[in-house]
Structure formats: C-alpha cells, structure tokens
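Enquirer: could you work out the structure for the sequence below:
(2 chains)
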2 protein chains.
Amino acid sequence: MQVLLLDSYDAARVERLRGLIDPSWSIATSSHGAPEDELHALLANAEAVVTQYWGERTPPAPVLSLIQLPGAGFDAIDFACVPAHSAVCNVFEHEIGIAEYVTLALLESEIRATEMDHHLRAGRWQDGFVTGAPFHGELHGKRVGFLGFGHIARATALRMKPFGVEIWTRTRTPEQAGPLAGNAGGLEALDTMLEACHHIVVACPLTSETRGILDARRLALIGPEGVLVNVARGPIVDEAALFEALSSRTLGRAVIDTWYRYPDPTAGPGVERRPSRFPFHELDNVVMTSHASGWTDALFERRYRMIAENLERLRTGRELTHVLKPPGGSAPH
Amino acid sequence: MQVLLLDSYDAARVERLRGLIDPSWSIATSSHGAPEDELHALLANAEAVVTQYWGERTPPAPVLSLIQLPGAGFDAIDFACVPAHSAVCNVFEHEIGIAEYVTLALLESEIRATEMDHHLRAGRWQDGFVTGAPFHGELHGKRVGFLGFGHIARATALRMKPFGVEIWTRTRTPEQAGPLAGNAGGLEALDTMLEACHHIVVACPLTSETRGILDARRLALIGPEGVLVNVARGPIVDEAALFEALSSRTLGRAVIDTWYRYPDPTAGPGVERRPSRFPFHELDNVVMTSHASGWTDALFERRYRMIAENLERLRTGRELTHVLKPPGGSAPH
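Expert: Take a look at the predicted model:
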C-alpha cells in the first residue's frame, strides 16, 4: 500500500513513520509545489495522503481511501473536491502546546518581563523593590473568559486553575462545560463575559456563526485594560475592528497567533509575508506569532503516532479515528 | 503611638494603612536619604518603623518596639545594630507573584514567543505550521528542579503540576518536601538534580551554606540545553561563573531577577545602575529583571494588611506574627 506525504514532514518524521507502520506500506513524499505530472502520477497510486490542502487543482486520486490531515484544522480542505470514496481524518495533540502558549500570553500580559528586561538591559533600574517603581499585575484573582470550550480551552483552563483565576466560557454547548468553568453560557450571553473578564481567549472553530463575532462593539467591551488572545482562527475577530481597537487602545492588548493572510504553503521558512492588510507590526500592544502556538517538537511525535495508527487501521480494515468525512459519506457541517 | 515609614510606601499606601489601624496611631513618613537630624528626631519617638534597612548609620531608637520589614528578605538588616528591646518581623505574600514570574520564565524559555514576535513583526513568516519551520519546546514532560522548597517553590510547583512536569527539589529538610515533589533530597545530592532537570529554579535563602553553591562546575551540570531561574538572591549563584557559563553557552539560558549590585535605596525609579560587574546585558540568552518578580500591585494590598495586623498586635500587647527577632531576643541564624 502507498501513502503519500505532501506536507508537514521532514526526513526524520518519515523515518519515524516508517518505524510505526507495517513494512507493506511504501512511503512516497512530494509537495504541493511539485510539477503537475509528478503529483498526477503519485496520486494515481496513493491509498492514503497526508496533507492539509485539497482543492480544485489537486489531481485525481482514483484509489484514495484516506486523506489524513496532519493537524486539526480542515479549512484548507475543499470537501467538494474530495473523492466520494475517500475518508478525511484529522489529528489533535496540539492542545498541550497551545495551552502553554495561552498561559504564557496571559502571564506576560500581567508581568511584562520583556519590558522589564529592556529597562534593565539599558541600565535603568526602573522596576522592583529597590526603587519603589511601577508594579506589575498578577494573574491571581483575574477572570479569564474562553470563547469556545473544546480541547484547547479545557487544557488551558486546567492549567490556569491553580493560579487562582475564575474561568468563564461562552460556547454552543454550555451544558457540557463541566465543573472547570465557574460561569458558562451560550453565545447569546457573550457580551456579559466580554465585560466581566480581564482576559479573553478565542478558542472556538471558525463557522458562519463565529466569523466576525468579535466586532468593534464587542472588542470595546473587553476594554482598554483587557487582553485578547486568539489561537483559533483570525477571522473570528473582525480584522479592521481589531486593528482599530488596538491602535486607539479601546482594547488594551492582543496576543495573536492566527491571522488573516497566510503565505503560500509551498513557500519555505522565512518567507516575507505580512499577516494582515493592516500594519499590526507597528503596534506596541500586540504580540504576533505566525500560527505557531501548538507547533512544538513533541507535537509531531504525538501526531505521527496518531497518523500511523490510522494508516494501520486502514490497512487492516478497522474503523478510522477522528473521522471528519467517512468514505462515501458527506463533509462536516 | 507612632509608626514611621522609611521605605516601600506611597501616598495611597499610607492612606490604606491609616484605614487599617487604630486612630491612636500617628503615621510619620520619611526616607533613608532624609537629613540626619530629621531622621534622628523621628526615630527618637517611633514605637514602630517600617523599613527594609537598618545599620550603623541608623540613628538611635530608644522607644522602638518593632522593626517591621515590608518584605521577606532581611539581609539589609544589620542585627548587631538593632536595639535589644526591638522585635524584627517580616512579611511574605510575595509567593503568588513570584510563582507566576517563574512559570512565565519557564514557559517563555520553551516557547520563545518574544523571538517569534520579532520574526513576524519584521515580516518573516518563519515559525509555525504553514512554512514547516523550527519548532518550539513544551514544558510538558520536563523536569523542574527547585533549590529550596519553601513558600515560593511550593507555590510555583503547585501551579506547574498540571503542566505535566516532574518536580524535583534539593533542600535542607527534604523530609518536609511533601507529595508535590516527586524527587526530594538534601543539598549533598544537588548534583544529581542539576544533571537530571531541564529547568533549575533557585528559591532558597542566602546563607553561608548556599552562597556560591552554584559554581562553575555545577552550572555546567545544568548544561547547554538547561535553564536557570534565580528569584532568591544573586550570590547563591557565583557571579563570574554565571557570566562565563552563559557567554560560553555551557549553560543554555538564565532568567535572573536577583542580582549582585543594587542601586542606592534612596535613588528614585529609573536610576542608572548595572546589576553586575559583568555585561550580562550584552548576552542574548538571559532575561534580566530588577528584583521585581513578586513586585505586584496586589502584593502591597496583601502586605499592608499584614503590617497593619502587626501594628495592632503591638498596640494591644498581643504576640507579633512572622517574628525574626523577639524583643530582648537574638537575631535569626
């Protein structure tokens, strides 16, 4: 059987995968930027493909049983173009890294160690007990509100609990929020959470309901002392409204990992690409990272273990895990 | 009765203190840099003084019953100069802020959000899932070793536990470490902790036993991938050895809040002062803050409540709390 890796791999991961699956698998590797006839030939024979993109320009895949995403997000899969006979599956495992990133973001927003470092590095003994200078904040006693309460929000809330924070959430299924959230409600009660909480973490899927849900009016509810962290998808927060709110300080600060413009997936590391049509990079009240919050080395260990598991399930005719679209079935809605 | 505030106060805190103690107290304020005759007159009448410094040059204090430190550390109190009839008490309450700072330090050492921000701010889409670029680390699964296991280390370990770390400690009283620490030992077993752990947190008092205990040989045991965080006292880590280890990368990284040279306490905020005779500010593998890890606004709320409590105990003849030296008794050893 043949599995084709189209992205999210390197030589070490290919070797690791080889050690995790039956020797009857042959592993082919290519990329989305490969010549069309190469892709054509490879896809003609692949029973499984590891890829995060699938679209109109993807060549036919007549024997493909499994499109295995290397991550959780499936917004780059055009399900209308996926062969009817193929299953589409994703993997998680990123919630550990993302929960650590969000906790870091909130702690740094309170403590501002980076700014203190700049002061002392420049020779200015500006902060701290000797000179009685400006204090920093504590996460302790703060209210942290999660928009969405899935894997990522729960992993984050679990880690934040011992810091003495109050966990709020607004989600489509508040009755499932469980005891971690002290205050849970539906999206219709979003405004009260934005007003009450010091920190807002966006951790819900991008859907027609959530697209642009954090608009100018709602960003103002978070307020000039408030912090917004987005580790979900950029467009859940209205792009123009976010830039305006940060520029005018109607919103205090944002830590943004998920954006509005992405580089071409075939571009290598270090490609020049501004992540928004607005100059967020000119603002000093934003921390900006390039969709990397969960992008850890351990993540790929865990994910490749899951991918190997699904390949083996496919080979031995067992049920696949994390199925977004079953073979012959329809796309997720 | 008269209480004299010599440092660590501002107008707001004086007012807050006034609201917390009996109206029979009068509150005087001055500073260590005040003219000698002013200090002389004030100390002649003070029954209590809030100060972190006491030394040879401090004028006589004939009716002084209580030297109340505004913090925990008492290394700036020269007990030989303290009047025999005076008690010396300290306050804690800083462990919440310091535990948050240490967690931030460890998360940032793994994640390096600041560096990722520099990349994307410069327009380089260098990290993260689109371009398949360098990964960052996770705190998850790491071993964190605490030198000392008092208030600060415990508050930190409690917060780190849900991150899935393994807690180690080396302390004078390992039998008291309790279930938080998976691996506890005495100082004689320090080397094994330094070798085993990815992150080392210095959180013990500065004593003749701990001064310079982290010397060149031991810093090398932490290693080029290791991270050292010092929130205790600078000289527990040998100054020259630390600079050399960081410069040569035999030690990977350090987050240093406590230093070797401090500004004169009478200097205001923003005074120019390098915190070491070595140019730590030229190193890119160090985060340097000016003894500010626990220096939060909430800290002073909590501490002034404790200070007021001790003043009231003194006034009403009850036993003082957090006594370092009782009236007529001797200094701590």
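Enquirer: contacting residues around the top helix by length along chain A?
Expert: Ranked by residue count and defined by DSSP state H, the top helix of chain A is helix A:297-315. Under the criterion Cβ atoms under 8 Å, 6 or more residues apart in numbering or on different chains, residues A:1, A:3, A:8, A:13, A:16-17, A:20-22, A:24-25, A:47-48, A:50, A:65-66, A:68, A:70-71, A:89, A:91-94, A:96-97, A:318-322, B:135-138, B:140-141 lie in contact with helix A:297-315. Yep, even glycine has a C-beta here, placed from its N, CA and C like the rest.
Enquirer: again with stretch A:54-64
Expert: Contacts of stretch A:54-64 (Cβ under 8 Å, 6+ apart): A:36, A:39-40, A:43-49, A:67, A:76-78, A:81-83, A:85-86.
Enquirer: any of the residues you listed buried? List them.
Expert: A:39, A:43, A:46-49, A:67, A:76-77, A:82-83, A:86 (16 or more other Cβ atoms under 10 Å in any protein chain shown).
Enquirer: out of these, which are inside strands?
Expert: Judged by DSSP state E, the subset of these located in strands is A:48-49, A:67.
Enquirer: mind putting those residues into CSV with pLDDT?
Expert: As requested, these are exported to CSV (pLDDT from 0 to 100):
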residue, pLDDT
A:Ala48, 98
A:Val49, 98
A:Ile67, 97
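Enquirer: partner strands of the worst-scoring helix or strand of chain A on mean pLDDT, with direction?
Expert: Sorting the helices and strands of chain A by mean pLDDT, DSSP states H and E puts strand A:271-272 at the bottom, at a mean of 76. Within its sheet, and counting by DSSP bridges, strand A:271-272 is paired with strand B:124-125 (antiparallel).
Enquirer: name the helices or strands packed onto the helix or strand just after the partner strand?
Expert: The helix or strand immediately downstream of strand B:124-125 is strand B:143-147, counting by DSSP states H and E. Contacts defined by 3 or more Cβ pairs under 8 Å, 6 or more residues apart in numbering or on different chains; DSSP states H and E place strand B:143-147 against helix B:151-160, strand B:166-170, helix B:190-196, strand B:199-202.
Enquirer: and the ones you listed as TSV, adding distance to B:Ile236?
Expert: Shown next, in TSV, are the helices and strands packed on strand B:143-147 (distance: least, Cβ to Cβ, whole Å):
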stretch	distance to B:Ile236
helix B:151-160	13
strand B:166-170	12
helix B:190-196	12
strand B:199-202	5
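Enquirer: contacts only, for the residue nearest to A:Leu4 when sequence neighbours are not counted.
Expert: Among residues not flanking A:Leu4 along the chain, A:Ala46 sits closest, at 4.1 Å (Cβ to Cβ, 6 or more residues apart in numbering or on different chains). Neighbouring residues of A:Ala46 by Cβ under 8 Å, 6+ apart: A:2-4, A:28, A:61, A:63-64.
Enquirer: repeat that with 6 Å
Expert: Contacts here follow Cβ atoms under 6 Å, 6 or more residues apart in numbering or on different chains; on that basis A:Ala46 touches A:2, A:4, A:64.
Enquirer: filter those residues down to the buried ones.
Expert: By 16+ other Cβ under 10 Å, the contacts of A:Ala46 give A:2, A:4, A:64 as buried.
Enquirer: quick check: the last one vs A:Glu272, distance?
Expert: Right, the one you point to is A:Leu64. As defined by Cβ to Cβ, to the nearest Å, A:Leu64 lies at a distance of 35 Å from A:Glu272.
Enquirer: and which of the buried ones among the contacts of A:Ala46 is nearest chain B?
Expert: Closest to chain B out of the buried ones among the contacts of A:Ala46 is A:Leu4 (16.4 Å), distances taken as Cβ to the nearest Cβ.
Enquirer: that's a strand at that closest one, yeah?
Expert: Yes: the assignment for A:Leu4 is a strand, going by DSSP: H, G, I helix; E, B strand; the rest coil.
Enquirer: that one bridge partners, please.
Expert: Under the criterion used (DSSP bridges), A:Leu4 bridges to A:Ala28, A:Val49.
Enquirer: how far away is it from A:Arg315?
Expert: A:Leu4 is 15 Å from A:Arg315, by Cβ to Cβ.
Enquirer: state the pair within the buried ones among the contacts of stretch A:54-64 that is farthest apart.
Expert: A:Glu47 and A:Ala76 (21.5 Å; Cβ to Cβ).
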